[in-house]
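Visitor: Compute the structure for the input listed below.
(3 chains)
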Amino acid sequence: MTITLTTDFGYADPFVGILKGVILGIHAEARIVDLTHGIPAQNILAGALALWSSVHYFPLETIHVVVVDPGVGGDRRPILLQIDSNYFIGPDNGVLSLVLEDRQPTRIVHLSNDAYHLQPKSRTFHGRDVFAPVAAHLSRGTPPERFGDSIHELVRLPWPTPDRTENVISGEILYIDGFGNLFTNVRGRDLTGFADKEIVVRLGRMEVRGLSLNYSEGQSGNFIAVINSWGLLEIAVYRNNAATLSDTSIGDRVGIVLPA
Amino acid sequence: MTITLTTDFGYADPFVGILKGVILGIHAEARIVDLTHGIPAQNILAGALALWSSVHYFPLETIHVVVVDPGVGGDRRPILLQIDSNYFIGPDNGVLSLVLEDRQPTRIVHLSNDAYHLQPKSRTFHGRDVFAPVAAHLSRGTPPERFGDSIHELVRLPWPTPDRTENVISGEILYIDGFGNLFTNVRGRDLTGFADKEIVVRLGRMEVRGLSLNYSEGQSGNFIAVINSWGLLEIAVYRNNAATLSDTSIGDRVGIVLPA
Amino acid sequence: MTITLTTDFGYADPFVGILKGVILGIHAEARIVDLTHGIPAQNILAGALALWSSVHYFPLETIHVVVVDPGVGGDRRPILLQIDSNYFIGPDNGVLSLVLEDRQPTRIVHLSNDAYHLQPKSRTFHGRDVFAPVAAHLSRGTPPERFGDSIHELVRLPWPTPDRTENVISGEILYIDGFGNLFTNVRGRDLTGFADKEIVVRLGRMEVRGLSLNYSEGQSGNFIAVINSWGLLEIAVYRNNAATLSDTSIGDRVGIVLPA
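Guide: Take a look at the predicted model:
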């Protein structure tokens, strides 16, 4: 079973390497894959979106560990979420919840059994002391119920569904990637049935008329709108950084005017 | 067969992790190695140089995937280049071409066979939907000719050969590494036969007299010139950032005066 | 045997990928783990701390390669340090020395045997030409004594022990992590036996009264002090960057007033 790691640890410190050491110390044959460690510090939504956008591309029987954990050592519970044959391990702060879209949990376990944690257990690094060792034991075949008590619910982030009137969708910028592309919370499927060329996208004072099929249609240097690889409406500029050029931040409002 | 990944995706987003998920979903035993994901966005030459400088150090029968792909979804072809028993997969925009220096392609395949791509195929992320799955299938043993039609040529970047008169080489800054070392397009072999201590290197108003053997010869704090690990003439400052100190950018002109 | 890599190469260049290519070319089955490549350029102490904080979490029989090597190609020796069944490979500039705290070297080898180095050997990249190939050969089973002559001492960094009078400890900021948390050189064990709530920590004009158990106790937005996951006294701000907020740099002085 592959173990993926997603954190807000960044790349300057040895913290990610330490997680891998712990895993290999328990299960020397574990296969470990980095999803990303560039989640902005303590940004639970960004971590949840990274996981949501990726899980579908991994094989079944993968263990996804997510450590975006501002409440470490406090009240929030460490949990394991099972959905069919996939496993998700992390803090119960919502970071694991977006993968439940359209799906039901098969099992949720509160990681209350200290026997599977490193000892002594720190109050500030449960990635190392709780989540990594539990993932390693799970990958070796320890049944999930051993890690603690079953629970019935987990903290859920609301999916930020856009508002919609008859011909206007009011959404927002949900994510900005490293290229500066602006991911909205409007889905491609919200726009099916409308003529691509007649859809109008508004962001601040800017207006984009029509959807493009790919980035290179924007060779004019103008802002374009595409349905991107996550199935979301995206605003981009060919070979340029749309976020910088438009001075846009996460949460900024976007309006989509649908043709009549 | 090892699969290497080189991209301009950066480290903030889960895009690299998604490529790995796709590969492992097709070939669970694939060995994946990151070359770098820090290629500047859409910088085809930087991607080509990263590959050129690295391939020689990998074992034969390695599959190198390079995704620096500003024209994704447009006219540029997705290709597989075979040179002897090494394979290179990426867009046909020149990023694969520098490894052909002094070598002939054994085979070039246009990746036109949709049967080996993820479906539905996005227009904006062929790394995920075309290059990663083709690499995974190749690593499992699918013969290269299955992936599409053979073609006879690929887009080639010209190697930026410096101009040379009898005793002057006119080159340029080709690459600046993370330490701020300035890599020129002048090769060490261009300077063989000349007395190291009498070669003069000019960059802007600065003049470096003589080649050093290693960085620590520059403990004076002065700029030094060395033949670096890529076999290129490099301008550096011991324990300091030559690019910042000299305010140098890629493309800036360099002159080398050879002793008579 | 797992090989870990710790460098100051950063993530923009293919240098780390090249190390991995060299290792896999010598030992195709090597398991390679990145500890971090974000050590600040030429910062030997930061590299030594990364290793010191991590080694304990890796299984025995791990090979740790550390390349923070400003003196590459000059007088400093390339070495292999063995401590029990763990191996450390890198330059003899102190970067390997902090792991020797409370331990004795089992063996130190000067990597003088060129037969295990890449040829021709560059003067500027011993990570590629010396350390990676030696690690790969060692992981395949080559006995350590083959790599060169045994030596009796290595360059040691002094552990920066704080000064202590009867009720005041005078320390400093030793490390600042990517979250902006301020790691001091004062250890948790230096504070045992004193009432947590009565310890006072001073940094510049700021005063923190009492130790917290975890970050979320700082929900007030105030600076807090905790014993962190490295066993060090740390100054932090809940969901915020203590380094930026307090304008603190490595080396800044910290005072701890112990209760009477």
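
Visitor: Just give me how far stretch A:237-247 sits from the chain centre.
Guide: 23 Å (CA atoms, centre = their mean, to the nearest Å).

Visitor: Tell me the buried residues in it?
Guide: Of the residues in stretch A:237-247, A:V237, A:Y238, A:R239, A:N240, A:N241, A:A242, A:A243, A:S246 count as buried by neighbour count, 16 or more other CB atoms under 10 Å in any protein chain shown. Every residue, glycine included, has its C-beta placed from N, CA and C.

Visitor: wait, does it contact chain B?
Guide: Yes: using CB under 8 Å from any CB of the partner chain, stretch A:237-247 reaches chain B at A:Y238, A:R239, A:N241.

Visitor: gap between the two ends of that stretch?
Guide: 13 Å (CA to CA, to the nearest Å).

Visitor: Check stretch A:219-226 too.
Guide: OK, stretch A:219-226 end separation, CA to CA: 14 Å.

Visitor: Give me the mean pLDDT for that stretch.
Guide: Per-residue pLDDT over stretch A:219-226 has a mean of 90.

Visitor: got it, and stretch A:139-157?
Guide: Mean predicted lDDT for stretch A:139-157 stands at 97.

Visitor: Just give me how far that stretch sits from the chain centre.
Guide: Per CA atoms, centre = their mean, the centroid offset for stretch A:139-157 relative to its chain is 20 Å.

Visitor: isn't A:V99 right up against A:G90?
Guide: No: in this structure, A:V99 is not within contact of A:G90 by CB atoms under 8 Å, at 11.0 Å.

Visitor: So between those two, which is more surrounded?
Guide: A:G90 (31 against 22; other CB atoms under 10 Å in any protein chain shown).

Visitor: my guess is A:I18 meets A:R128, correct?
Guide: Yes: at 5.5 Å, A:I18 counts as touching A:R128 under the criterion of CB under 8 Å.

Visitor: Can you classify A:L24 by secondary structure?
Guide: Here A:L24 is recorded as helix under DSSP: H, G, I helix; E, B strand; the rest coil.

Visitor: who's in contact with it?
Guide: A:A30, A:I32, A:A136, C:T2, C:R31, C:V33, C:F58, C:P59 (CB atoms under 8 Å, 6 or more residues apart in numbering or on different chains).

Visitor: re earlier: and which of the residues of stretch A:237-247 next to chain B is nearest C:I169?
Guide: Using CB to CB, A:N241 comes nearest to C:I169 of those, at 47.8 Å.

Visitor: Could you pull up the residues touching the closest one?
Guide: Here A:N241 is in contact with A:F179, A:G180, B:A41 (CB under 8 Å, 6+ apart).

Visitor: Check A:A195 too.
Guide: Applying CB under 8 Å, 6+ apart, we find A:A195 in contact with A:P259.

Visitor: ok, now how distant is it from A:A236?
Guide: According to CB to CB, to the nearest Å, A:A195 stands 21 Å off from A:A236.

Visitor: Then A:D102?
Guide: 27 Å.

Visitor: Tell me which residues touch A:F15, please.
Guide: A:T7, A:F9, A:F125, A:G127, A:R128, C:D177.

Visitor: Relative to A:T124, how far out is it?
Guide: For A:F15, the distance to A:T124 - CB to CB - is 11 Å.

Visitor: Could you list which residues are in contact with whichever residue of chain A sits closest to chain B?
Guide: Closest to chain B within chain A is A:N214: 2.8 Å, counting by CB to the nearest CB. Going by CB under 8 Å, 6+ apart, A:N214 touches A:V226, B:V72, B:G73, B:G74, B:R123, B:T124.

Visitor: Adding neighbour count, secondary structure and distance to B:G25, write the residues you listed out as JSON lines.
Guide: Putting the contacts of A:N214 into JSON lines (neighbours: other CB atoms under 10 Å in any protein chain shown; DSSP: H, G, I helix; E, B strand; the rest coil; distance: CB to CB, whole Å) gives the following:
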{"residue": "A:V226", "neighbour count": "24", "secondary structure": "strand", "distance to B:G25": "25"}
{"residue": "B:V72", "neighbour count": "22", "secondary structure": "coil", "distance to B:G25": "21"}
{"residue": "B:G73", "neighbour count": "20", "secondary structure": "coil", "distance to B:G25": "22"}
{"residue": "B:G74", "neighbour count": "16", "secondary structure": "coil", "distance to B:G25": "27"}
{"residue": "B:R123", "neighbour count": "20", "secondary structure": "coil", "distance to B:G25": "21"}
{"residue": "B:T124", "neighbour count": "23", "secondary structure": "coil", "distance to B:G25": "20"}
